[in-house]
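Colleague: here's a sequence, model it:
(2 chains)
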Amino acid sequence: QQQVKQSPQSLIVQKGGISIINCAYENTAFDYFPWYQQFPGKGPALLIAIRPDVSEKKEGRFTISFNKSAKQFSLHIMDSQPGDSATYFCAAKNSGYALNFGKGTSLLVTP
Amino acid sequence: EPEVTQTPSHQVTQMGQEVILRCVPISNHLYFYWYRQILGQKVEFLVSFYNNEISEKSEIFDDQFSVERPDGSNFTLKIRSTKLEDSAMYFCASKLAGGTDTQYFGPGTRLTVL
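Modeller: Numbers count the residues shown, from 1 in each chain, chains lettered A, B, ... in the order given. So this is what the prediction gives:
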């Protein structure tokens, strides 16, 4: 059972454009939704996270939009830069310990 | 900035051999985790560890796996008899305390089982 579905699998965006990655979840007990960024050969690094009591959270060029009724959340990267090229994972967690990850999106920002 | 460290970065072993993957969590963190990522797939939870005992484990974490915190700084994952399908990147993560959900990941150990 795939608890967190992520799309698209890969994304190519021009420098300066907006990158949008979407995730959907099934378990209504999830109450923590982080996005992780992973560069080749490195571990996932927390980028930004949101709880379901807010619909949007912004940190610099990164914004999470959260739709509780639709059980969806998305990551928007504004003014995308070549240095943003990485794999992005959404995840979700309930009151337990485990992060449930999506399958990842490989983002390529072209100059 | 404090980091989670893992050794070795790459481990090659023969099928059936035991391996121990080592992690040094961030020093004041209390919760410890192991995840794995098979090449090209998503990161999967294996186990969480708190107060010197397993607090949660996934169905992947069967009797072939064990975890230990042998001293005040190390956290280890042992695979007793490795299988080909154990080949993956293994990530250790740690978390400060119960009031936060942020897990900090190490750089991973790539395990190759031949």
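Colleague: next to chain A, which bits of chain B? Give me the list.
Modeller: Within chain B, the positions near chain A by Cβ under 8 Å from any Cβ of the partner chain are B:4, B:31, B:33, B:35, B:41-45, B:48, B:50, B:55-56, B:58, B:91, B:93, B:101-108. Where C-beta positions appear, they are placed from N, C-alpha and C, glycine not excepted.
Colleague: now residue B:31: closest residue in space, sequence neighbours ignored.
Modeller: Take residue B:31 and drop its neighbours on the chain: the residue closest to it by Cβ to Cβ, 6 or more residues apart in numbering or on different chains is residue B:95, 3.9 Å away.
Colleague: do you know the pLDDT at that neighbour?
Modeller: Predicted confidence (pLDDT) at residue B:95: the value is 93.
Colleague: wait, it sits on residue B:55?
Modeller: No: counting by Cβ atoms under 8 Å, residue B:95 stays clear of residue B:55, with 11.1 Å between them.
Colleague: excluding its backbone neighbours, what's nearest the residue most central in space within chain B?
Modeller: Centroid-nearest residue in chain B: residue B:34, 3.1 Å away (criterion: Cα atoms, centre = their mean). Leaving aside its sequence neighbours, residue B:34 sits nearest to residue B:46 (Cβ to Cβ, 6+ apart; 4.3 Å).
Colleague: strand partners of the helix or strand where residue A:33 lies, parallel vs antiparallel please.
Modeller: Following DSSP states H and E, one finds residue A:33 within strand A:33-38. According to DSSP bridges, the neighbouring strands of strand A:33-38, each with its direction, are strand A:45-50 (antiparallel), strand A:86-92 (antiparallel).
Colleague: picking that back up, what residues are up against the residue nearest to residue B:34?
Modeller: For residue B:46, the set of contacting residues under the criterion of Cβ atoms under 8 Å, 6 or more residues apart in numbering or on different chains consists of B:33-36, B:57-58, B:60-61, B:65, B:77, B:90.
Colleague: let me know how buried residue 79 is, in neighbour terms.
Modeller: In the absence of a named chain, chain A is used. By the criterion of other Cβ atoms under 10 Å in any protein chain shown, residue A:79 has 13 neighbours.
Colleague: look at chain B instead
Modeller: In terms of burial, residue B:79 registers 20 neighbours under the definition other Cβ under 10 Å.
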